[in-house]
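Student: pasting the structure only:
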């Protein structure tokens, strides 16, 4: 006589994925508003998703204050698991999707770095790897790798754990929203140079740091401390006020203003290099100064073995090594 054994699968007790997604973003930002901006929904929708998850679990996940949120013990425990699970789902979804797609590499890059350095050289990579389609997205915001994020990113800022000197000009930009699971390749230090139109110098020898205070200074919004910190490092008091000059949104705009004779711009050498080589700009003061930050290539640890990322990373590091050698040679 045969016995019939009945196997009963235990039903998984799972909350809605949308609620987990909303909770994870809220826990990371400690803000419903910022989570809503990231996920392109309303703040009210995020609040409802979190409340739905709390009702499902029967426990509060956040302590809600007038202007801030704090995770409860249960919230902290859940955040750790949910973040890992969503990362795993995102990575698997990418791999499955790309099996039937052209190998597309999405690169998030700083606007001025893209226009001045990366784009003029990118054809070298595509000639070497014609099966990889590179898509550039420009941004200065902290990168977030996820289902809708880029594959790799080029940013500038302070490298975690690296020591910088107090007299180095500040960089206020954050490179990543979170360093968990992020691989960092340091490309090169951010070196500031002062440049202007040849007409502004009018045949004079390169200027001294003291001379700068008598000229209109061109600022870039994302580096508002560059001029004050550079002058202070050279023992010169920043004039401020009307003498502080023009302020523009991006380095490529500051470079164009300098070419038009609007003043002296302080910009990274990697951004100004081509313009100086072409003679459109000249070095105003021969003194250079490294900022408290580095240009870096960022990528998820879990994606480093993906061929498109591995090829791009190897190519970029090779190109940068040539630039670093040229820097050391004084070119």
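Tutor: Great, that's in hand. None of the values given here were measured: they were computed from a predicted structure.
Student: For the helix or strand containing residue 227, name the packing helices and strands.
Tutor: Element membership of residue 227, judged by DSSP states H and E, is helix 226-233. If contacts are counted by 3 or more Cβ pairs under 8 Å, 6 or more residues apart in numbering; DSSP states H and E, helix 226-233 sits against strand 182-196, helix 209-212, strand 217-220, strand 264-268, strand 282-300. All C-beta spots, glycine's among them, are computed from the backbone N, C-alpha and C.
Student: To residue 137, which of those lies closest?
Tutor: Residue 137 lies closest to strand 282-300 among these, at 13.6 Å (Cβ to Cβ).
Student: Quick check: buried residues in that closest one?
Tutor: 282-285, 287, 289-300 (16 or more other Cβ atoms under 10 Å).
Student: Mind checking the helices and strands packed on helix 226-233 for the one nearest to residue 155?
Tutor: strand 282-300 (5.9 Å).
Student: Tell me how far that closest one lies from the chain's centre.
Tutor: 15 Å (Cα atoms, centre = their mean, to the nearest Å).
Student: same check, this time on stretch 247-255
Tutor: Remark: stretch 247-255 is offset 18 Å from the chain centroid, using Cα atoms, centre = their mean.
Student: Tell me the buried residues in that stretch?
Tutor: Across stretch 247-255, burial judged by 16+ other Cβ under 10 Å covers 248, 250-255.
Student: Dump those residues into a markdown table; add pLDDT, secondary structure and distance to residue 13 as well.
Tutor: Formatted as a markdown table, those follow (pLDDT from 0 to 100; DSSP: H, G, I helix; E, B strand; the rest coil; distance: Cβ to Cβ, whole Å):
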| residue | pLDDT | secondary structure | distance to residue 13 |
| --- | --- | --- | --- |
| 248 | 93 | strand | 55 |
| 250 | 90 | coil | 50 |
| 251 | 92 | helix | 53 |
| 252 | 90 | helix | 54 |
| 253 | 93 | helix | 55 |
| 254 | 94 | helix | 56 |
| 255 | 94 | helix | 58 |
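Student: so how far is residue 257 from residue 137?
Tutor: Applying Cβ to Cβ, to the nearest Å, the value for residue 137 to residue 257 is 25 Å.
Student: neighbour count winner among these two?
Tutor: A count of neighbours by other Cβ atoms under 10 Å puts residue 257 above the other of residue 137 and residue 257, at 21 against 12.
Student: show me the contacts for that one.
Tutor: For residue 257, the contact set (Cβ atoms under 8 Å, 6 or more residues apart in numbering) comprises 218, 246, 248, 263, 265.
Student: I'd say the first one and residue 250 touch.
Tutor: Spelled out, that is residue 218. No: proximity of residue 218 to residue 250 does not meet the contact threshold set by Cβ atoms under 8 Å, at 11.7 Å.
Student: so what's the backbone phi/psi at residue 19?
Tutor: According to degrees, to the nearest 10, the main-chain angles of residue 19 amount to phi -70, psi -40.
Student: which outside residues touch stretch 70-83?
Tutor: With Cβ under 8 Å, 6+ apart, stretch 70-83 has contacts from 20, 23-24, 27-28, 30, 57, 59-63, 180.
Student: do the same with stretch 35-52
Tutor: Contacts of stretch 35-52 (Cβ under 8 Å, 6+ apart): 15-16, 18-19, 21-23, 25-26, 28-29, 32-33, 61-62, 144.
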